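Participant: Quick one, fold the following:
(chains A, B, C and D)
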Number of protein chains: 4
Amino acid sequence: MSADPAVPPTVDAAYLGPAGTFTELAVAALLPADTSSAAVLTVQDALDMVAEGEAHSAVVPFENSVEGSVSVTLDALIHGSPLVIVAEAHVAVRFVVVARHGTTLADVRRVGTHPHAAAQTRAWTAAHLPEAEVLPETSTARAAELVAAGDYDAAVAAPTAATRHGLQVLAENVADRPGAVTRFVRLTRPCPPPVATGADTTTLAAFLRHNHPGALLELLEQFTARGVDLTRLESRPTGEALGQYCFAIEADGHLSEPRMAEALTGLHRTCRQVRYLGSYPRADRAGHEVAAQAAEPAYRRARAWVESLTRGR
Amino acid sequence: MSADPAVPPTVDAAYLGPAGTFTELAVAALLPADTSSAAVLTVQDALDMVAEGEAHSAVVPFENSVEGSVSVTLDALIHGSPLVIVAEAHVAVRFVVVARHGTTLADVRRVGTHPHAAAQTRAWTAAHLPEAEVLPETSTARAAELVAAGDYDAAVAAPTAATRHGLQVLAENVADRPGAVTRFVRLTRPCPPPVATGADTTTLAAFLRHNHPGALLELLEQFTARGVDLTRLESRPTGEALGQYCFAIEADGHLSEPRMAEALTGLHRTCRQVRYLGSYPRADRAGHEVAAQAAEPAYRRARAWVESLTRGR
Amino acid sequence: MSADPAVPPTVDAAYLGPAGTFTELAVAALLPADTSSAAVLTVQDALDMVAEGEAHSAVVPFENSVEGSVSVTLDALIHGSPLVIVAEAHVAVRFVVVARHGTTLADVRRVGTHPHAAAQTRAWTAAHLPEAEVLPETSTARAAELVAAGDYDAAVAAPTAATRHGLQVLAENVADRPGAVTRFVRLTRPCPPPVATGADTTTLAAFLRHNHPGALLELLEQFTARGVDLTRLESRPTGEALGQYCFAIEADGHLSEPRMAEALTGLHRTCRQVRYLGSYPRADRAGHEVAAQAAEPAYRRARAWVESLTRGR
Amino acid sequence: MSADPAVPPTVDAAYLGPAGTFTELAVAALLPADTSSAAVLTVQDALDMVAEGEAHSAVVPFENSVEGSVSVTLDALIHGSPLVIVAEAHVAVRFVVVARHGTTLADVRRVGTHPHAAAQTRAWTAAHLPEAEVLPETSTARAAELVAAGDYDAAVAAPTAATRHGLQVLAENVADRPGAVTRFVRLTRPCPPPVATGADTTTLAAFLRHNHPGALLELLEQFTARGVDLTRLESRPTGEALGQYCFAIEADGHLSEPRMAEALTGLHRTCRQVRYLGSYPRADRAGHEVAAQAAEPAYRRARAWVESLTRGR
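Facilitator: Model (predicted):
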């Protein structure tokens, strides 16, 4: 089959660009070295490319250890075209201060960076660049580019920005709270989940049927009654009106485990709508200890017992 | 096949006698007219005959609208040989006052009856037989027999006692609280349950694994998470020590319904032990309204949905 | 003040007689040696004497380690005149076999006893008196009396029966399940509870407002949210109709502890009716370990904190 | 007392600037016309001015009907200097397209705006400005300023931007999802809450003691057991590590109501830490219907009942 010149080639991964931000490190962690990729302007653009078949997958930020959910990603998954998470990667957020060669910290008066980066390095800049003004840009990569162009004296940026723009690193590991991590996810169109590893997460969104008192408690009971632990729960606006929410939920376990399958069954019965967003291995490989009573053998034995009752033992 | 004279013939139903008590009415309600039956001295004797194959079934009292559970029956089912309930009948408890012919209420000085019957007719006797002394006997039928023998002037007994002992009815519908009902059950060795009717009860006993705080709440969640309503819950002693209990539970629904089957699965996983005591039609045929989300179609759709997820839709 | 000969003297304790049963041991455990007491025919009679001021208190059986609740006592407390439990005692149930002097076990053909005693000694009599017929009487004391009168060869009775009726003990510690204990309670008209000991029980009955699904779970939440553990829970008939229940509840803790007071407040708000039946020391003095978060200091600090918020800290 | 020229005057309100964004409308809604105010660069700057006494209050965005929580505000309240919400305002987000006088929609090729505004008007610009490129700026006000400077043909901005920069409105009510609303809050240093209105919200953050299974359920029980409805619940990172969360919670009701005070007491006892963030009137004045059993009279009666029990009635 010859390629149709009018159809753009399908890339392996679309990712939130520009090149030179932390997302690029996530792409490297989540996909083979020879992956074809395309940096796009917004998370929504990356997801659209997958939904429309222009990319096999998208790599986008999902959560940050300091700032929490990346709302734009979460909401696009909840409300947009159906996509599922198939993998995640944790990328340590270690900023560097970059400048043109020859610049010293003492020379820096104007610093460009993204507001999120500014927020995470605020105490550091107050201590080490007390004279400098920190100005907001739309990405750390853009700020680095503007340093190269001479618009700023320095930028707070990802380590990859230095090489990409021929800049010098004035300071490394710049962060007020060391150890910040961003969690990136790889998304595809709906597909069977990767095989269970014993250390998996399931992500979903649930819309309550009625917002009656105790409704959230009933939703949680669908998990606790099956011994499934939640790791994260977040009201997200449905977009209909202020005060109308659905719940973004992350739980320990995999769709192929009976406790998770049964909990999902319970949600489907009792909620207005449930959107399943994937079962996939945890990046930290931290096996969650499952109580014996919630593990597969207990389910198997219990079902065999109920089966025996219907036959009169 | 010729009968072995050494083997006693197997009766259709063993029941708590003596003949002439309310249990006989329950036998009539629960079994065909031509049933062979044997009146025995104690509930335990009736159950033993079933367990040992000397009777196909037993008919015994299980609960009374005034006095609650019949503990001896409940405990034998929980701790004894495995038996299951296959049917229930409600028998109205309407006492009569019987005496020898020629006796009038004004003549009555000594009244015999069972203490339970005495308790349920106490205000009546105080009002209508203020001069009489009420003396305890081991059954209302025995009291009637002793009236015939001349030991008592009258007895508070079941209506069948009059004909059986050739006595006269001095007063009918004798009860302090009208409308008392006793619930009798028919028990057999373990067998498949009778078909679901849409108005069924499931009876069971659950032994908690640990008696930690909130353990009972967790047990109840196994029911509520599946939309199963409990009708009765009762701590029963395990017999090990004072303060050690298991739970006798009755719930609306039938083993063949997915909500009940799944709830039983949950109990089996999370409890130390569960004894299933039968799924059978309610005597009052009062169909319990099942919420749409707990009904079979909701379970079927939910399971199909989870199935679709594993295939990638 | 001169005594009015028309008014019967008030006794210290009315108890379920006849003299010579286990209740007499409970009276000895619960009241001083010089207590005036009256043995009455029924539990209800004993309670009535207290309600009407003819006795300061009543001593009645409340629960048995083998047979569970004594329904007649429990129901009288739930539905009758308001009374409260002020003390409890555990009495070991150790039956003896008594006979006239000169009788040996080998001579025994007819044994009289109460059906409950018969049930608890069934295996023993089958093993040691295989030829004997066990016949029901209305109390073990009555059976012993009839042994003395020559109507029975022997009786299964309480140890006190031997001396009372001049009988000989043929066998001691007669029980199929050793270690059976009956819990007796002392009841008075409503009064402030005895002081908290750190090992107390609170007893009450709760009537649900609506029997909606999950109603029992909500009732239990009133306890668990305050860190109060239930020790016993039992559906009891309201007496209105079969299937109408209230809940008899026993919980660890004392009315004077904030967790219990707050839980009772919650029940009063959310139930149709609550009947408080007393806070009193446990007979076994088994101090229940209260989690720090449910103990009085945690309540005190939490209330001080909320108070500080209203003042703007 | 004469003013110290070295001490900057304290303003009534610090707000997230620049002037000309939606926050300015919130300031107008939340404070009197003659209020002195200061526009600052970041939410954190506004909160710092309050914490340090340089402003009496701060007005900052807290939640958006499309995008959910404003994380920077929420996290600063959870982790920063103690501040409380004393009022809220809802501001309709109605974008306009502004341009220099003489420009028509057909002329527009380069549009500047904030990425959030771009996200909310994406379908509109695709339909009405299909040829235009939308470029990100750090605020809609900055984009409008750059239109005036000639750097852009048009900006998607707040309505106030037109007058402020002498621009012309090419299109009004520009939004993909009409009816978007941003919720702003006014914050002060800790102070007694404004009086209850019957339509109030209480905001707080709770840190669980242990992240054991069912821990979140137990937290929610502290609310449901008192009849308090949650309106919003959100896992927020503690900042310690990925996967460590606290819960930001909003509930119907006011600190001065017993149900809320008791729920807060329960949280304080059972959580590692609770940060109270204020009780204040709802902007929509939507009175929440409180069940009779959760209202103040039910609490008063229940407490009087418990009190009566301790006195023996």
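Participant: Please report how far A:Ala294 lies from A:Arg301.
Facilitator: To A:Arg301, A:Ala294 is 13 Å away according to C-beta to C-beta, to the nearest Å. Any C-beta I mention is one placed from the backbone N, CA and C, and that applies to glycine too.
Participant: between those two, what contacts are shared?
Facilitator: B:Arg269 (C-beta atoms under 8 Å, 6 or more residues apart in numbering or on different chains).
Participant: Compare those two and say which one has the larger neighbour count.
Facilitator: Ranked by neighbour count (other C-beta atoms under 10 Å in any protein chain shown), A:Ala294 and A:Arg301 place A:Ala294 first, with 23 against 13.
Participant: Now for the nearest residue to that one once chain neighbours are set aside: which residues touch it?
Facilitator: Distances taken as C-beta to C-beta, 6 or more residues apart in numbering or on different chains put A:Gly227 closest to A:Ala294, at 2.6 Å, once the chain neighbours are dropped. A:Gly227 makes contacts with A:Arg259, A:Val290, A:Ala291, A:Gln293, A:Ala294, B:Arg269, B:Thr270, D:Pro213, as judged by C-beta under 8 Å, 6+ apart.
Participant: Also A:Ala92?
Facilitator: A:Gly179, A:Ala180, A:Val181 are the contacts of A:Ala92 under C-beta under 8 Å, 6+ apart.
Participant: try 6 Å
Facilitator: Taking C-beta atoms under 6 Å, 6 or more residues apart in numbering or on different chains, we find A:Ala92 in contact with A:Val181.
Participant: what's the answer for A:Leu30, then?
Facilitator: Neighbour list for A:Leu30: A:Val59, A:Ala87, A:Ala89, A:Arg186 [criterion: C-beta under 6 Å, 6+ apart].
Participant: Poorly predicted segments of chain A, please.
Facilitator: Applying pLDDT under 70 to chain A flags the ranges A:1-9, A:211-213.
Participant: Distance of the residue sitting nearest the centre point of it relative to A:Tyr299?
Facilitator: Centroid check for chain A by C-alpha atoms, centre = their mean gives A:Phe62 as the closest residue, at 1.9 Å. For A:Phe62, the distance to A:Tyr299 (C-beta to C-beta) stands at 30 Å.
Participant: cool, and A:Thr265?
Facilitator: A:Thr265 is 13 Å from A:Tyr299, where distance means C-beta to C-beta.
Participant: Compare the two (neighbour count), which wins?
Facilitator: A count of neighbours by other C-beta under 10 Å puts A:Thr265 above the other of A:Thr265 and A:Tyr299, at 25 against 22.
Participant: ok, now which ones touch the more buried one?
Facilitator: A:Thr265 sits next to B:Ala302, B:Arg303, B:Val306 when contact means C-beta under 6 Å, 6+ apart.
Participant: Also A:Met260?
Facilitator: By C-beta under 6 Å, 6+ apart, the neighbours of A:Met260 are A:Thr202, A:Gly253.
Participant: swap the cut-off to 10 Å and go again
Facilitator: For A:Met260, the contact set (C-beta atoms under 10 Å, 6 or more residues apart in numbering or on different chains) comprises A:196, A:200, A:202, A:223, A:226-228, A:251-254, A:279, A:294, B:306.
Participant: Now render those as CSV, adding secondary structure.
Facilitator: What follows is the contacts of A:Met260, written out as CSV (DSSP: H, G, I helix; E, B strand; the rest coil):
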residue, secondary structure
A:Ala196, coil
A:Asp200, strand
A:Thr202, strand
A:Phe223, helix
A:Arg226, coil
A:Gly227, coil
A:Val228, coil
A:Ala251, strand
A:Asp252, strand
A:Gly253, coil
A:His254, coil
A:Ser279, strand
A:Ala294, helix
B:Val306, helix
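Participant: hang on, the earlier thing: okay, and the common contacts of A:Thr265 and A:Tyr299?
Facilitator: In the contact map built from C-beta under 10 Å, 6+ apart, the residues linked to both A:Thr265 and A:Tyr299 are A:Arg226.
Participant: Counting neighbours, what do you get for A:Glu240?
Facilitator: Neighbourhood size, A:Glu240 [other C-beta under 10 Å]: 13.
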